[in-house]
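Visitor: Have a look; sequence and predicted model below, questions after that.
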Amino acid sequence: MTQPTYAIRCAGESNSFPDAHPFLNDAVDRGTVLVLIGDHSVVRPGDHDHLTILLELGNECLGVHTGEDSGREGSNLIGFSRWRLGTDDPSNLIELVTQPKTLPDAIAAARAVFETAGFQVSVCADRPGRIVDRLIRPQFNLALQALDDGLVSAADLDLCLKLGLGYRRGFIAPLERSGIEHHYDVSLALYEAYARPEFLPARSAAVAKARSLTAVKRKKTDVAMRERGK
């Protein structure tokens, strides 16, 4: 296969590419691969003329956009997400989401587009949480629950995780820096999908989410009051 080119269509905010990035700059006007980024992206009828369509996903499954057919679904449409913790910069990992009948040439082209751009690519089935979130969110909840139970301080917990288990940054400091309320959103979505207790957000995550909602309401109220005062 020759190296595929790619075009980008953006609709709304992108969690995978929130800022300028060389991958965005290297897009062409008419590529063999179409990359749809943004939280309002939709697939149009003519898009299927491309070798591959790459659709950015949030917490939802690819099947939400394609429909499902008793395990026979799949085409040249592939989901993708660049893993990101809260407001931190997105990681270098791209999770490609495929279906049972996804075309092999479409997968190969998707891999080539992202790997040529320097990303690490993992291919996974169409499941809520994909790979990383299904593995890491229960661990985050356990760490937060340990704090809620008064078992350990945040600093000592992260020290144990770094020195004892090899987690370079620990858990609590990265969650607090990137916004625990964002962890709440992802973990709650997984809990609603799987109904498994390990995905139920810890108390402190629920508190962080409630505080963030209060802050948003307060900001809207302040803006409204300023507008009335003009």
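Guide: Sure thing, it's come through.

Visitor: which one is residue 171 nearest to, not counting chain neighbours?
Guide: Computed as CB to CB, 6 or more residues apart in numbering, the closest residue to residue 171 that is not its neighbour in sequence is residue 143, at 4.1 Å. Placement of C-beta: from N, CA and C, glycine included.

Visitor: Look at that neighbour and give its secondary structure.
Guide: When classified by DSSP: H, G, I helix; E, B strand; the rest coil, residue 143 comes out as helix.

Visitor: That one contacts residue 160, doesn't it?
Guide: No. Using CB atoms under 8 Å as the test, residue 143 is too far from residue 160 to be in contact (9.9 Å).

Visitor: neighbour-wise, which of the two wins?
Guide: residue 143 (24 against 15; other CB atoms under 10 Å).

Visitor: how about the strands in the protein?
Guide: Using DSSP state E, the strands assigned to the chain run over residues 6-10, 33-37, 52-56, 77-82, 93-98, 120-125.

Visitor: Mind splitting the chain into its structural domains?
Guide: Here the domain parsing of the chain from automatic domain parsing is 6-125, 132-220.

Visitor: Leaving out sequence neighbours, find the closest residue to residue 154.
Guide: Counting by CB to CB, 6+ apart, residue 172 is the residue found nearest to residue 154 once chain neighbours are left out, at 4.3 Å.

Visitor: in the worst-scoring helix or strand of the chain on mean pLDDT, what counts as buried?
Guide: Here the helix or strand of the chain ranked lowest by mean pLDDT, DSSP states H and E is helix 203-229, holding a mean of 84. Going by neighbour count (16 or more other CB atoms under 10 Å), the buried part of helix 203-229 is 204, 205, 206, 208, 209, 212.

Visitor: same check, this time on stretch 95-107
Guide: So, applying 16+ other CB under 10 Å, buried residues of stretch 95-107: 95, 96, 97, 98, 99, 102, 103, 106, 107.

Visitor: How about the contacts made by the first one?
Guide: Neighbouring residues of residue 95 by CB atoms under 8 Å, 6 or more residues apart in numbering: 80, 81, 82, 83, 122, 124, 130, 131, 132.

Visitor: ok, of those, which come out buried?
Guide: For those, a neighbour count by 16+ other CB under 10 Å gives the buried set as 80, 81, 82, 83, 124, 130, 131, 132.
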